[in-house]
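Novice: 3D, please:
(chains A and B)
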Amino acid sequence: MRAELRLLLLLLFVSPLLAAEQPLTLEQILVPDDHPRIMRFREEKQLQILEHTLVTTGRLKFIPPDTLIREEDGEQRMSYRIQGDRVSIHQGEQELRRLDLGSTPELAAFATSLRALLAGDREALQQQFELQLSGERDAWLLQLTPRSDRLSQILERLMLRGDRNGIRTVETVERGGNRSLMELLPDE
Amino acid sequence: MSRLLIWALTLIAAVVWLLAGNDDRLRSDLSLFLPTGHNLEQRLLLDQLRKGPASRLILLGIEGGDDAGRARLSRQVAKELAASDLFAQVNNGDQPLDPERWRTLFAYRYLLSPQVTAGHFSAENLRTALKARLLELASPLSALYSRLLPADPTGELTALEQLLRPQQSPATRAGVWTSGDGTRALLVAETRASGFDLDAQQQAVTVIRTAFADAAPDRQYRLLLSGPGVYGVLSRQTIRDESSLLSLLAGLLVAAIVFFGYRSLPLVFYSALPVISGLLAGACAVILGFGAIHGITLAFGITLLGMTIDYPIHLFSHTTPGEPAAVGLSRIWPTLRLSALTSAAAFAVMMSTDFDGLAQLGLFATVGLAAALSVTRWVLPALPALNGVSDNAGFRHSTGERFAPIQGRNGHILYTGLFAVLGILALLWIWQQRHDLWEDDLAALSPIPSSLIEQDRTLRRQLGAPDVSRLLILQSDSIEGLLQQAEALQPKLEELIAQGAISDAELVSRYLPSARTQRKRQAELPDPQTLRANLDLAMQGLPFRRGTFEPFLRDLSAARQLTPLTLPMLEGTPLFSRVHSLLLQAGEGWLLMIPLTGVHGSDIHAGEARYLDLREETRRFVAGFRDEALYRLGWGLLALIALLLVALRSPRRVLRVLLPVALALVIDVALLLALGYRLSLFHLVSLLLVAGISLDYSLFVNRPRIDPEEFRHTRHALRICLASTAAVFGLLALSQLPVLKAIGMTVVIGVAAGYIAAFALTGPKEQR
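Specialist: Purely as a prediction, here's the structure:
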């Protein structure tokens, strides 16, 4: 038998096994999506200086291509609007502050990661972070490590978990032991 | 023969001495040629502008590729530059906060923060502050706040940072500064050396370019550089390149013209000897007299000594074939001597000025002229080859009498009338333009193309770099006095901002309050027991862990014992360069500068502060410098006329000799104005050259008692003189550099007018 033919046969036998083992790719997780979406979130923060976990709930609105709004529940009615490279902080209807994403790397991390994930914008993510993907289609984990010195002084890494329907949780690990876990739920 | 030996040895000695000296005898520091300011205060301010932080900034822009690529390059270049010890600091918007640098300020936060007033640390206010902190902890910004919270629950550091933040910081993409549209990554580097130290700036620019080339090996990305130092380096390079190219071309052209005139290679060589000797003598004299020679003096000096090429030409043309050069020389010597001495006298007057640059130039030209004349007189006739060469010189005056189409008495009247009309028209034109005569904007003469100046403006705007051209000045015996004055001025400035007279003012007391204010704040800090009680009350029902705020209690107690912060203690903090650049020691006392932005109107009144518009001041200084030059030139011309009167012993003859010179100058100026130029120092120096050369022409044409044969010799000589001068300066006029172009245009127009006027106004009796 010719060598090539032998190889082909071998491949035919083995290929179903290969398919099962095929590594998950970023393209599968990050599918460009330009539909506006609203979802609820529940965030648990464990901070060294607080006696108990700080729980915040609210809604996240994503308006393609580059607007993300975080509206917190509660009497203070705080909201954070991230549009392009600008961030504005509101209390109720009143705008409290306006910031540039670059001057506040924590916000930049929050905005770019979540926004880029929702939009399926791989490039934007890769600009800010080293990406490391593991798991399988129905239970994947994407770890984001900051590229810039300034951000990595504050943020150790972001861990995003999800399934084939998209992102489920965002876990933030800060330098110094503070962490937070944000759960994304469909809007009721 | 011994004469030749002495000359040759002197020449060799001069060359050896010049070459053996170290490099710092040739200065390129521009400040020698810039105005120095009338009083101490102005001098200090200009000094600050030249050497201060503003002059040290190099702005970088990276274009091409994509966002991520530019950000990567920006980071890599910033890292490289920070590693080099040429730069005091480099910023691309991605610098990690260095806690070391903030240590002192953090310790002093309760004395520096404007929030610290009576009752700031009451239980009620503390509770409000803690609640606000809790909200921040829930926000996506929590990472920033939670670190400092235990030591700073009232947020004083944030208040300080807010004060320090540039008024408009650039936009950011991919974590680094970019232009508003995001297509250009921006960086700022501050060199350790002054922006006027061109050698150091050259080094800095090279390091930046190398760092960029290493980071971006492909041609996809472009680097833009701007800043005072960068432009200084660029102008020096451009002037050097262009001058050396032009001098090479000019040298070849003159050689060709001399060769064409005399058909003799040795004469081409000999014609260069007086010029070279003059240049060497001038350079040696200036270095001996001033310790160093400025590059601009050298350039102007070479220009002025260009007229000495005429001396050997006179000698060659007036030597009849077969006769020794010494005989030809004896016929023209009185005229040649007078021509050189009158010019030298005019230059010598310049030496008396206080301006180093002008004084150097005067010395250079005076000594150079004397040396060139001496070489023509004593060395050239002694050269063995010269006497033989004239024999077969091919010039033989074949071009005869073709100069003036209308000869004789009628011609003379016609030309006199024509020139009278021209002269009057020119004078009228100059009079009419008298308000628009001078170019006081140095930028118009800058060798930097306007597109680059525009680029600098754009980068500056995009980076939010301050424009320190309008200031308020406060003066006091001590820094403390200044800071108190500044604090007192604050309400007035806020009022001006509210009125729209200015859009902002940078008060140094915002960063460094006076000791008085710091003590006042210290007095508002509660004692440890009171503070702990207030805090316990404030924390009730809030989720903060007990003991969290121990650092706060500790630091605030410590702050009660601090001695107020002063300027020397700021060294090493982010505030230092900011504060230091706004405070100046002036003699016994101190000056404080308050940069203003968005000034409307031409004057700002604010208490004791004096308003200063540096751009306007600089313009005034330049005008003053030019007036000084003009004044010296006037005296120079008077000296020249006096010398002529003594030598010619007849006011009528002096008038006849000077008339073509005056016409040349007037027509020159009028034509320059008509062509849309305005006069600067460079034009003035060129006009001096025009006067010298025209006088030479006029003196030779007006020589008494010469026969037609001799007159033909003179005409031949002047024709070659004119051709060589016009060729050299015609080349300069073609230059792209405004300065060289100005010199070239002025001289070409002037000598042409002088030549024509000299011949046309010579009466029929002389022409015969």
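
Novice: all strands of the chain, in order?
Specialist: Assuming you mean chain A. Using DSSP state E, the strands of chain A run over A:37-46, A:54-63, A:67-72, A:78-83, A:86-91, A:94-100, A:129-136, A:139-146, A:155-163, A:166-174, A:179-186.

Novice: hmm, I had chain B in mind actually
Specialist: Going by DSSP E, chain B shows strands at B:26-27, B:57-64, B:87-91, B:171-173, B:176-178, B:184-191, B:221-226, B:293-294, B:470-476, B:504-505, B:583-586, B:589-597, B:610-613.

Novice: ok and the third one relative to strand B:57-64, angle-wise?
Specialist: With axes from the mean of the first three to the mean of the last three CA atoms, to 10 degrees defining the directions, strand B:87-91 sits at 40 degrees from strand B:57-64.

Novice: quick one on the thing from earlier: want to throw the strands of chain B into TSV with distance to chain A and mean neighbour count?
Specialist: Where you see a C-beta, it was placed from the backbone N, CA and C, and this is true even at glycine. Converted to TSV, the strands of chain B look like this (distance: least, CB to the nearest CB, whole Å; neighbours: other CB atoms under 10 Å in any protein chain shown):
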stretch	distance to chain A	mean neighbour count
strand B:26-27	42	19
strand B:57-64	15	22
strand B:87-91	12	18
strand B:171-173	2	23
strand B:176-178	7	27
strand B:184-191	11	25
strand B:221-226	16	19
strand B:293-294	45	24
strand B:470-476	27	21
strand B:504-505	18	20
strand B:583-586	28	16
strand B:589-597	20	21
strand B:610-613	32	17
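
Novice: Can you add distance to residue B:20 and mean pLDDT and give those strands back as TSV?
Specialist: Shown next, in TSV, are these (distance: least, CB to CB, whole Å; pLDDT from 0 to 100):
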stretch	distance to residue B:20	mean pLDDT
strand B:26-27	13	62
strand B:57-64	35	88
strand B:87-91	35	82
strand B:171-173	55	73
strand B:176-178	49	82
strand B:184-191	32	87
strand B:221-226	36	89
strand B:293-294	15	78
strand B:470-476	47	86
strand B:504-505	55	83
strand B:583-586	40	78
strand B:589-597	44	85
strand B:610-613	46	82
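
Novice: circling back: right, so of the strands of chain A, which gets closest to residue B:154?
Specialist: strand A:94-100 (17.6 Å; CB to CB).

Novice: That closest one pairs with which strands, and in what direction?
Specialist: strand A:86-91 (antiparallel) (DSSP bridges).

Novice: ok so, going back, may I see the strands of chain B organised as a markdown table, with distance to residue B:310 added?
Specialist: What follows is those, written out as a markdown table (distance: least, CB to CB, whole Å):
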| stretch | distance to residue B:310 |
| --- | --- |
| strand B:26-27 | 28 |
| strand B:57-64 | 46 |
| strand B:87-91 | 51 |
| strand B:171-173 | 62 |
| strand B:176-178 | 59 |
| strand B:184-191 | 46 |
| strand B:221-226 | 44 |
| strand B:293-294 | 24 |
| strand B:470-476 | 50 |
| strand B:504-505 | 60 |
| strand B:583-586 | 51 |
| strand B:589-597 | 53 |
| strand B:610-613 | 47 |
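
Novice: Residue B:543: which of those strands is closest?
Specialist: Nearest of the strands of chain B (CB to CB): strand B:171-173, 34.0 Å.

Novice: give me the residue from the stretch 251-400 of chain B nearest chain A.
Specialist: residue B:295 (43.1 Å; CB to the nearest CB).

Novice: burial count for that residue?
Specialist: 19 (other CB atoms under 10 Å in any protein chain shown).

Novice: And for the one 10 residues further on?
Specialist: Close neighbours of residue B:305, defined as other CB under 10 Å, add up to 25.

Novice: Many thanks, I have nothing further to ask.
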